[in-house]
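Chemist: Build the 3D model from these lines:
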Amino acid sequence: MTDFMIHFLICNVLISGLIGILFAVRKLLKNHLTGRTRYSLWFLLSGLLLLPFLPVRLEYFSPFRNLWSASPFSAGNPSVSADTVESAASASHWMEDFAVSVNGRIPDQTGTILFIIWMAGILVMLFFTIKSAIRLQRIKNSGLPLQNLEIQRLYEGCLNEMNIKKPIPVYSTVFLTSPVITGVFRPRIYLPVSLISDCDPRDLRYMLLHELQHNRYKDNFSNYVILLARMIYWFHPLVWLAMKAMRNDREIACDAAVLNMLNKDSYIDYGYTLIRFTEKCSHTPFPFSSGLSGNARQMERRIKNIASYNRPSVRKKIKGVILFSVMALIFVGTAPALTTYGSGTEHTDRAISVTDIAEPDLSGYFTGCSGSFVLYDLRNDQWSIFNRKLASERVSPDSTYKIYDALFALEEKVITSENTTLVWSGEEYPFEEWNRDQTLNSAMDASVNWYFQSLDQQTGKDVLQSYLREIGYGNENINGDLSSYWMESSLKISPVEQAELLLAFYQNDFGFDPENIQAVKDSIRLSTTGSGTLYGKTGTGRVNGQDISGWFIGFVETADNTFFFAANIRSQNNATGSRSAEITLSVLSDLGI
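Modeler: Purely as a prediction, here's the structure:
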């Protein structure tokens, strides 16, 4: 809940910027945009407002999503081999967790409170919407079919002018002061009784043409868009301002559509119709209808547009299409960011180049937690992925990042393969294993934070950033504090990416010094038996004292093959690296790896 609210707030910052861009475009390019184009621009924004709530992420497009094949995994009883665990853990205490808690996240209670406030606002907006809908329904129930023969003939003439074959029912009512049209699929026009009895036929013709233009462009659909946006973003003044501008631009676009039907001499008459009804007609009180009326300021703007109106040239229309297309590209480009942040997670958009993929059912191994598991069989070029949704989600790497942190330090000669010792400063740490001089092997074994933090300080942030970009490590973001950017902070990576990078590391695809690759490889060697050697690194994400994310990544070398794996588990607590390792060893044991 907290993550969703945090990232929903981030979405609102992005949305504010997009609204600012739209207002700037409308103002700077108003002479190059038709009224219909200005109105259509708001639909780009309206679509983006819904993206944070989509159940899917737009950036998750995988070319192999339909290629999942049969799994080599057994669906039988998941059990870890006692011999495997004993063998893997006998030489060291690598399965113990040496994780420190990080702070700075909004407490879960705060996130829940924010969510409750947000939902309460939505319920209040829903109450007033239902109240308006009930009131409108009462007006509909009180409406009578139009009986005035003169106005019926006038209406039929309007239908002929617009080449409308299917008439739209017209009703009269005493409860309105201005004409409105309601409904998207079954539209109806409602005329005030006072208008029928007192209105000049020419004025009434313009009003009917206006309402019919609303129907031609299905403008009532935008009422529901505006209503939904205001309901969800009830707290966002810029969204309200944008939706108000959308409604105003809709009326201007409708005015332009009517003017395009008239000869130029009739423009003034149409404008006078608005002037005569500015005071008489109240603003439409219903969010489900479209009408001629508006407040005095809106009417003034519309009258000015009518007074200066010229039919758009072909050139202006082409300009409008081009500018709309450019804006659409800009807005579409922001869509993945909105879906990612709205979901509270990042997703990888990298694709695995594979010839065979399996989607095993490993749910039995992940009791009491959610998680994912990725396995790559090098000899057979086969990938197996359990829970591909979570396997594509980027989360903090925690201590698994130390594999690459050490490699970067070796490449920069902060340490060397011959001498990896760093002297303990004497500062007391919460784990006894940390309170002594460390080599790369001992620091990796006990996951000694101060050792790797020292490497980072000597390597430098700019150099680290360049290395992360070179190997494509997750989101490559180290904007967090240099001492903790990999611990539930800015740097994030998915299990799929972890497995890919381990393969690249093993094959030295990035051209690092082979001695450095071997030094890191030696530091993560966990056990060797007659059947093979296990390499790996655990990682635990601990926030506010709770273990929320557990990693175990690595590879297994056998006599004739190598298997690369990455497992990640999530929970409100007890999601540790050691638990992730137990699950992984159980899976590998059942596979006979």
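
Chemist: all contacts plus neighbour counts: C-alpha atoms, from now on.
Modeler: Noted.

Chemist: show me the residues around the closest residue to Lys218 other than its chain neighbours that make contact.
Modeler: Among residues not flanking Lys218 along the chain, Val184 sits closest, at 6.3 Å (Cα to Cα, 6 or more residues apart in numbering). Contacts for Val184 (Cα atoms under 8 Å, 6 or more residues apart in numbering) come out as Asn215, Lys218, Asn220, Phe221.

Chemist: can you give me the helices for the stretch 451-593 of the chain?
Modeler: Assigned by DSSP state H, counting those that start in this stretch, the helices in the stretch 451-593 of the chain fall at 461-471, 495-507, 514-523, 577-591.

Chemist: where does the residue nearest to Lys218 land in three-state SS?
Modeler: Remark: Val184 carries the secondary structure label coil [criterion: DSSP: H, G, I helix; E, B strand; the rest coil].

Chemist: Let me know the pLDDT of it.
Modeler: Per-residue pLDDT puts Val184 at 82.

Chemist: Also Ala99?
Modeler: Ala99 is assigned a predicted lDDT (pLDDT) of 68.

Chemist: before we move on, what about the one 4 residues further on?
Modeler: Turning to Asn103, the model gives it a pLDDT of 59.

Chemist: got it, and the one 3 residues further on?
Modeler: Reading off the confidence values, Ile106 has pLDDT 50.

Chemist: Same check on the one 5 residues further on?
Modeler: In the prediction, the pLDDT value recorded for Gly111 is 72.

Chemist: That one reaches Phe8, doesn't it?
Modeler: No: taking Cα atoms under 8 Å as the definition, Gly111 is not a contact partner of Phe8, at 11.0 Å.

Chemist: quick one, which of these two is more surrounded?
Modeler: Phe8 (21 against 18; other Cα atoms under 10 Å).

Chemist: Now the more buried one: which helix or strand?
Modeler: Taking DSSP states H and E as the definition, one finds Phe8 inside helix 2-28.

Chemist: Can you mark which positions in that helix are buried?
Modeler: Within helix 2-28, the residues that qualify as buried are 2-8, 10-12, 15-16, 18-19, 22, 25-26, counting by 16 or more other Cα atoms under 10 Å.

Chemist: what about Tyr467, distance to Leu410?
Modeler: 12 Å (Cα to Cα, to the nearest Å).

Chemist: who's more crowded, these two?
Modeler: Neighbours per residue, other Cα under 10 Å: of Tyr467 and Leu410, the larger number sits with Leu410, 23 against 18.

Chemist: you'd agree the more buried one is up against Asn516?
Modeler: Yes: shown here, Leu410 and Asn516 form a contact pair, counting by Cα under 8 Å, at 6.0 Å.

Chemist: any residues in contact with both of those two?
Modeler: Common contacts of Leu410 and Asn516 (Cα under 8 Å, 6+ apart): Thr416, Ser417.

Chemist: Show the low-confidence segments of the stretch 351-500 of the chain, by residue range.
Modeler: 351-356 (pLDDT under 70).

Chemist: can you map out the helices along the stretch 51-200 of the chain?
Modeler: With DSSP H, counting those that start in this stretch, the ranges of helices along the stretch 51-200 of the chain come out as 82-89, 108-142, 149-161, 193-198.

Chemist: Quick one: work out the angle between the longest one and helix 2-28.
Modeler: Computed with axes from the mean of the first three to the mean of the last three Cα atoms, to 10 degrees, the direction of helix 108-142 lies at 60 degrees from that of helix 2-28.

Chemist: other SSEs contacting helix 108-142?
Modeler: Under the contact definition 3 or more Cα pairs under 8 Å, 6 or more residues apart in numbering; DSSP states H and E, helix 108-142 sits against helix 2-28, helix 220-232.

Chemist: gap between it and the chain center?
Modeler: Computed by Cα atoms, centre = their mean, to the nearest Å, the chain-centroid distance of helix 108-142 equals 25 Å.

Chemist: burial measure for Val308, as a count.
Modeler: One thing to correct before we go on: residue 308 is Ser, not Val. A count of neighbours around Ser308, defined by other Cα under 10 Å, yields 8.

Chemist: The residue nearest to Thr439 when sequence neighbours are not counted and Gln453: what is the separation?
Modeler: What sits nearest to Thr439 in space, not counting adjacent residues and going by Cα to Cα, 6+ apart, is Thr421, at 4.3 Å. Using Cα to Cα, Thr421 is found at 14 Å from Gln453.

Chemist: With adjacent residues omitted, what lies nearest to Leu176?
Modeler: Nearest residue to Leu176 in three dimensions, chain neighbours excluded: Pro192, at 5.2 Å (Cα to Cα, 6+ apart).

Chemist: Please determine how far the one you found is located from Thr173.
Modeler: Using Cα to Cα, one obtains 5 Å as the distance from Pro192 to Thr173.

Chemist: what residues do these two have in common as contacts?
Modeler: A shared contact of Pro192 and Thr173, defined by Cα under 8 Å, 6+ apart, is any residue touching both; here there are none.

Chemist: lowest-confidence helix or strand of the protein?
Modeler: Among the helical and strand segments of the chain, the one scoring lowest on mean pLDDT, DSSP states H and E is strand 68-69, with a mean of 35.

Chemist: May I have the phi/psi pair for Gly143?
Modeler: Summarising the backbone geometry of Gly143 under the convention degrees, to the nearest 10, its torsions are phi -70, psi 140.

Chemist: Give me the spatial nearest neighbour of it, chain neighbours excluded.
Modeler: Of all residues not flanking Gly143 in the chain, Thr173 sits nearest, at 4.9 Å (Cα to Cα, 6+ apart).

Chemist: Let me know how buried that neighbour is, in neighbour terms.
Modeler: The criterion is other Cα under 10 Å. On that basis, Thr173 has 22 neighbouring residues.

Chemist: show me where the stretch 301-450 of the chain has strands.
Modeler: Along the stretch 301-450 of the chain, the stretches classed as strands by DSSP state E, counting those that start in this stretch are 346-347, 356-358, 370-377, 382-386, 393-394.

Chemist: so can I have CSV of those showing distance to Arg311?
Modeler: Output for the strands of the stretch 301-450 of the chain, formatted as CSV (distance: least, Cα to Cα, whole Å):
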stretch, distance to Arg311
strand 346-347, 48
strand 356-358, 59
strand 370-377, 60
strand 382-386, 59
strand 393-394, 52
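
Chemist: how about these, which one is nearest Thr558?
Modeler: Thr558 sits nearest to strand 370-377 of all the strands of the stretch 301-450 of the chain, at 11.3 Å, using Cα to Cα.

Chemist: Tell me which strands that closest one pairs with, and in which orientation.
Modeler: Sheet pairing of strand 370-377 (DSSP bridges) gives strand 382-386 (antiparallel), strand 562-570 (antiparallel).
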